[in-house]
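Colleague: Any chance you could fold what I've pasted below:
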Amino acid sequence: MKALYFSSHGGPEQLIFGDYPNNALLGTNALLGTSLFSNPPPKGYVTVKIKYSSINHLDLWVLKGWKGLNLKLPHIGGADCVGNIAEINPEDTTLLKNLNFELNTAVTCNPGFLSESEGTQKYNTNKEENFISLGREELSKRYQILGESALGTFAEKIIVPISSIRKVEDKHLTPEVAASLLVGLTSYRMLVERAKLVAGETVLIVGAGGGVNSFTIKLAKFLGANVIALTSSEEKEKQAILLGADYTIDYTKDLKWSDTVKQITNGFGSEIVIDNVGEKTINQSLRAASIEGRIITVGNTSGHKLEIDNRIIFTKQLSLIGSTMGSFKTFDKILELITKENITSLVHEVLPLEQGRKGYEILEKGSQFGKVVFSNI
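Modeller: Take a look at the predicted model:
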């Protein structure tokens, strides 16, 4: 089976495109001990033939590695995909039929899934199950992400739990839908469920060219917000306007952009600030926020060590809110908007999977606006 994988952590130079070793221990989930080459797949799982997948910043971080990640190598990245059911376990035929699935059904996969319970002895089982029973799967330590702790989608096929697949129409097997899954889930969670966006509020998006933030422009406008996009070039400003941004600021030219945000909002500031850049921008984000503003962070592309003037936080009564991924129910909500309302990511470039290293390099340089997608066609 062809895949884009790595056997050592580091930069894009570590990536290999070729036949994934069939003696590798891992399958979809390291906790399952399932072979990626199982035919048929284990009971409760299906094999999906992948048509398109897309790269996220998470894939860069996994490639580089971090303390405590402890992957069993070789590893395949990728959290997003669209494709068709290619193999099923005969014992699941009736279940799949009742769920309206069969061979060749067009599907996408939730990038988040729950690991097998036997792999969670180190966790407080009661608390984990409480999160799950409340429909807050993303808070459980059993919650895993494809391409992070489990083999991902940068391959010809993937074995995933039946609970992870969602039926879509054939017309949705596109680069745009594949690009929108993890970023859409993240965006909906932070805007709707964490920031509790109200129509008419202003949303400042710091660094609007990335996958999550470029998607957030479209979602915020759909939800009735006024959007200010902070970008790094005239070309990216044009792209942000095309996605629906009401105002754009080039932070490479406007070094005191927080003052400009205040001017745009008649001195009030932005009720919501999306800052996934972190170290280099957080203090201006605090200054750009309105009284009782909400600062949302789901990442730190410029660094994670933040020095914050906390006087701004308590005098303006700001809320600093973390967010990541989302529940299974949240995924279903955003998938409905993706497929029915065409709230999809802007695709920067589609590359054949064998050129996947180039996709990583594009993301590492930050030269893209929107998402890079890999094709198996």
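Colleague: How about the secondary structure of Tyr5?
Modeller: Secondary structure, DSSP: H, G, I helix; E, B strand; the rest coil: Tyr5 is strand.
Colleague: does it really touch Tyr20, like I thought?
Modeller: Yes: using Cβ atoms under 8 Å, Tyr5 makes contact with Tyr20 at a distance of 5.7 Å. Yep, even glycine has a C-beta here, placed from its N, CA and C like the rest.
Colleague: Report the set of residues contacting both of these two.
Modeller: Common contacts of Tyr5 and Tyr20 (Cβ atoms under 8 Å, 6 or more residues apart in numbering): Pro74, Ile76, Ala155.
Colleague: Now the last one. Nearest residue, chain neighbours left out?
Modeller: Translated: Ala155. Ala3 (3.7 Å; Cβ to Cβ, 6 or more residues apart in numbering).
Colleague: how much space between the one you found and Tyr360?
Modeller: Relative to Tyr360, Ala3 is positioned 14 Å away (Cβ to Cβ, to the nearest Å).
Colleague: When those two are compared, which one has more neighbours?
Modeller: Ala3 (28 against 23; other Cβ atoms under 10 Å).
Colleague: Bridged to that one, which residues?
Modeller: Counting by DSSP bridges, Ala3 is bridged to Gly18, Ala155.
Colleague: which residues touch it?
Modeller: Contacts of Ala3 (Cβ under 8 Å, 6+ apart): Phe17, Gly18, Asp19, Tyr20, Ile76, Phe154, Ala155, Glu156, Leu353.
Colleague: So what does Glu102 have for phi and psi?
Modeller: As for Glu102, its main-chain torsions (degrees, to the nearest 10) stand at phi -160, psi 180.
Colleague: sec struct for the nearest residue in space to it that is not next to it in sequence, please.
Modeller: Once flanking residues are discounted, Glu102 sits nearest to Leu96: 6.5 Å by Cβ to Cβ, 6+ apart. Classification of Leu96 using three-state DSSP returns helix.
Colleague: Contact partners for Leu96?
Modeller: So Leu96 contacts Val46, Ile88, Glu102, Ile162 (Cβ under 8 Å, 6+ apart).
Colleague: Can you say which of those residues are buried?
Modeller: The neighbour count (16 or more other Cβ atoms under 10 Å) marks Val46, Ile88, Ile162 as buried among these.
Colleague: can you redo these as JSON lines with secondary structure?
Modeller: JSON lines is the format used below for the buried ones among the contacts of Leu96 (three-state DSSP):
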{"residue": "Val46", "secondary structure": "strand"}
{"residue": "Ile88", "secondary structure": "strand"}
{"residue": "Ile162", "secondary structure": "helix"}
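Colleague: Mind jotting down where the strands sit in the stretch 151-300 of the chain?
Modeller: 157-161, 165-167, 202-206, 226-231, 247-250, 270-275, 289-297 (DSSP state E, counting those that start in this stretch).
Colleague: Compare those and give me the one nearest Lys340.
Modeller: Evaluated with Cβ to Cβ, those place strand 165-167 nearest to Lys340, the distance being 12.9 Å.
Colleague: Now do the buried residues in the closest one.
Modeller: Going by 16+ other Cβ under 10 Å, strand 165-167 has these buried residues: Ile165, Arg166.
Colleague: swap in stretch 274-289?
Modeller: Buried-residue list, stretch 274-289, by 16+ other Cβ under 10 Å: 274-278, 280-282, 284-289.
Colleague: For Lys329, state which of the residues you listed is nearest.
Modeller: Of the buried residues of stretch 274-289, the one sitting nearest to Lys329 (Cβ to Cβ) turns out to be Ile274, at 22.2 Å.
Colleague: shouldn't that closest one be in contact with Leu204?
Modeller: Yes: the pair Ile274 / Leu204 is scored as a contact, 6.9 Å apart, by Cβ under 8 Å.
Colleague: just to revisit the earlier point, quick one: which of the shared contacts of Tyr5 and Tyr20 has the most company?
Modeller: Ile76 (26 neighbours).
Colleague: Would you list the phi and psi of that one?
Modeller: phi -110, psi 130.
Colleague: same thing with the one 5 residues further on?
Modeller: Summarising the backbone geometry of Cys81 under the convention degrees, to the nearest 10, its torsions are phi -170, psi 160.
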